[in-house]
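Q: dropping a prediction and its sequence here:
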Amino acid sequence: MEQTTVNIYEVVERMREISTGGGTFTLKFRKWDRQRKRGGDLVALKLARLRRKASDERIKHSSHKVFITDTATGRAIVCWTCLIVEFNGRKVSF
């Protein structure tokens, strides 16, 4: 039986593997709500691919973020790893 949750570290590694191979993955995450200082609206991507990470010098706290491209729209997206809730249909644990 397949495990129902996956650890965030495994998720990031799997994202790298899939993206390096030219594939895509599904991802659900919460947008960061700056006013309330917590997770906000849910975003669901069906054709996501990891892109190159920025340095902490260029983007503050980049080591805690995931840089993604929505291949359906070509839009570049940045999300906090702690706000990822689902990867390829599996819930994410921390």
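A: Yep, it's here.
Q: CA atoms for contacts and neighbours, from now on please.
A: Fine.
Q: run through the bridge partners of Phe27.
A: Actually, residue 27 is Leu rather than Phe. Leu45, Phe87 (DSSP bridges).
Q: hang on, isn't it packed against Lys46?
A: Yes: using Cα atoms under 8 Å, Leu27 is in contact with Lys46, at 6.6 Å.
Q: so between these two, which is more surrounded?
A: More crowded of Leu27 and Lys46, by other Cα atoms under 10 Å: Leu27, with 24 against 14.
Q: which residues does that one contact?
A: 44-46, 48, 84-89 (Cα atoms under 8 Å, 6 or more residues apart in numbering).
Q: where do the strands sit along this protein?
A: Shown for the chain, the strands assigned by DSSP state E span residues 5-7, 25-33, 38-50, 65-70, 75-80, 84-87, 90-93.
Q: next, count neighbours for Gly74.
A: There are 10 residues near Gly74, going by other Cα under 10 Å.
Q: low-confidence regions, this structure specifically.
A: 1-3, 55-56 (pLDDT under 70).
Q: so what sits opposite Ile77 in the bridge?
A: Beta-bridge partners recorded for Ile77 (DSSP bridges): Ile68.
Q: isn't it right up against Thr71?
A: No: taking Cα under 8 Å as the definition, Ile77 is not a contact partner of Thr71, at 10.6 Å.
Q: picking that back up, now the contacts of Leu27 in a markdown table, with distance to Ser63?
A: Formatted as a markdown table, these follow (distance: Cα to Cα, whole Å):
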| residue | distance to Ser63 |
| --- | --- |
| Ala44 | 22 |
| Leu45 | 21 |
| Lys46 | 24 |
| Ala48 | 19 |
| Ile84 | 15 |
| Val85 | 18 |
| Glu86 | 20 |
| Phe87 | 19 |
| Asn88 | 22 |
| Gly89 | 24 |
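Q: show the buried residues in the residues you listed.
A: 45, 48, 84-88 (16 or more other Cα atoms under 10 Å).
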